[in-house]
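Trainee: Give me coordinates for this.
(one chain, ligands or ions: 1)
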Amino acid sequence: ERISDSDKPVKDTFQDALSSRCSAASKGYLVDPYVSLFGLFQKKTPMINRGTYIRTRAVDDLVHKFLTSGVTKSQNTQIISFGAGMDTRYFNLLDDKSLEMDKVSYFEVDFPEIVQQKSQIISKNPELNSKLLNPDFDPVSCILNSQHFKLSAGDLRLFNEELVPKLISLGFDSSIPSLFIAECVFVYIEPEKVDEILKWISSSTTFSVMVSYEQVLSNSSFGKMMISNLQMRGIKLKGLEKYPNLQSQKERYLRQGWSLAENKTIWEIEKKVIPPSEISRINKIEQLDEIEEWMLLSSHYSVLIALTHNHSTYSNEELA
Ligand code: SAM
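Mentor: Next up, the predicted model:
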């Protein structure tokens, strides 16, 4: 067993993401008919629900853009979700009939225990199972795979030696356009290890997009409080030690050979990106009384998009 128990608190964070999503869906912020199949409902505060909605919507929009853009038009593409936990995005994408999901291979990566748990839930649920083409549950590894949706168990810190060969054996193709998603994952990993992943992607794939959601601004007093609260649970925000703010997180990509990176805080995304009609819709769901606190919290999380190569589909103005 290479993975020590000291990873347990980080593995458990998938529960937070899952229960937040469950809560936001049950309140009507998000439409996700699948999330409740993976976990139990837990009530969250209006602020958490709002944050979950905005980050999910922002990432969903970027995924949608990738799948409908000129980059991917009439060709096979792939999505690789790092630290996917119990994320239900694949099943929700399948329901979007405007997308050509039969051209998409979707890979998820997480620690073996998490991938096994997810595989078991999917394989035992007829509704989820029936959405997959040729699902195959391996009784030895306890991992489920199918023609387009592939779960891969491994440690992102051993990317080159462990995960790249696994992904390739599952059909990962470095010559087709790829979208990598890292939703609240990179920040938990030693920054040098993530840099290796970023370097590998920029040097080994033809055209890749990264969408990453994570904490920023560790130097503010709120940021310090956020860090120490997590530390009490045994969770370290390692990425922030080297990349504490929006600027350094963007530069990290450029330094690893990517050609473009842009990011915004959740606060900015709420103000500038989410359509006002959506904001008034969610304002009606729950009242947010503590605006100051929401501004602080939402300024400490960001969504980043990066491209390995410039592409006319992604204009600078649109990204900025
Ligand atoms: N992306 C999912 C979502 O948004 O619902 C889950 C986010 S959860 C906060 C972080 C996930 O990253 C966990 O499932 C954890 O197991 C995974 N993770 C963290 N470090 C990892 C590593 N070194 N290798 C593989 N997975 C990792």
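
Trainee: So which residues of the stretch 151-300 of the chain form strands?
Mentor: Taking DSSP state E, counting those that start in this stretch to define them, one finds strands in the stretch 151-300 of the chain at 178-183, 208-215, 260-265.

Trainee: repeat for the stretch 1-150 of the chain
Mentor: Assigned by DSSP E, counting those that start in this stretch, the strands in the stretch 1-150 of the chain fall at 77-82, 104-110, 136-138, 143-145, 149-153.

Trainee: Quick check: residues of the stretch 101-250 of the chain near the ligand?
Mentor: 109, 110, 111, 114, 155, 156, 157, 183, 184, 185, 188, 189 (Cβ under 6 Å from any ligand atom). For every residue, glycine as well, the C-beta is placed using N, CA and C.

Trainee: is it true that residue 208 touches residue 181?
Mentor: No - Residue 208 is beyond contact range of residue 181, at 11.3 Å (criterion: Cβ atoms under 8 Å).

Trainee: how close does the residue nearest the centre of the chain sit to residue 176?
Mentor: With distances taken as Cα atoms, centre = their mean, residue 183 lies nearest the centre of the chain, 2.7 Å away. From residue 183 across to residue 176, the span is 22 Å (Cβ to Cβ, to the nearest Å).

Trainee: Can you tell me the closest non-neighbouring residue to residue 214?
Mentor: residue 187 (4.3 Å; Cβ to Cβ, 6 or more residues apart in numbering).

Trainee: ok, that neighbour - contacts?
Mentor: Neighbouring residues of residue 187 by Cβ atoms under 8 Å, 6 or more residues apart in numbering: 214, 215, 237, 238, 239, 240.

Trainee: List the contacts of the third one.
Mentor: Pointing back at residue 237 there. 187, 188, 215, 218, 226, 227, 230.

Trainee: gap between residue 274 and residue 282?
Mentor: On the measure of Cβ to Cβ, residue 274 and residue 282 end up 9 Å apart.

Trainee: The two: which has the busier surroundings?
Mentor: Each of residue 274 and residue 282 has its neighbours counted (other Cβ atoms under 10 Å); residue 282 has more, 22 against 17.

Trainee: Can you report how many residues lie near the residue nearest to residue 278 when sequence neighbours are not counted?
Mentor: Leaving aside its sequence neighbours, residue 278 sits nearest to residue 57 (Cβ to Cβ, 6+ apart; 7.2 Å). The number of residues packed near residue 57 is 20, by other Cβ under 10 Å.

Trainee: is it true that residue 57 touches residue 270?
Mentor: No - between residue 57 and residue 270 there is no contact under Cβ under 8 Å: 9.6 Å.

Trainee: Give me the common contacts of those two.
Mentor: Counting by Cβ under 8 Å, 6+ apart, nothing touches both residue 57 and residue 270.

Trainee: Quick one: residues contacting the nearest residue to residue 269 once chain neighbours are set aside.
Mentor: Distances taken as Cβ to Cβ, 6+ apart place residue 58 nearest to residue 269, at 5.1 Å, with adjacent residues excluded. Applying Cβ under 8 Å, 6+ apart, we find residue 58 in contact with 213, 266, 269, 273, 274, 303.
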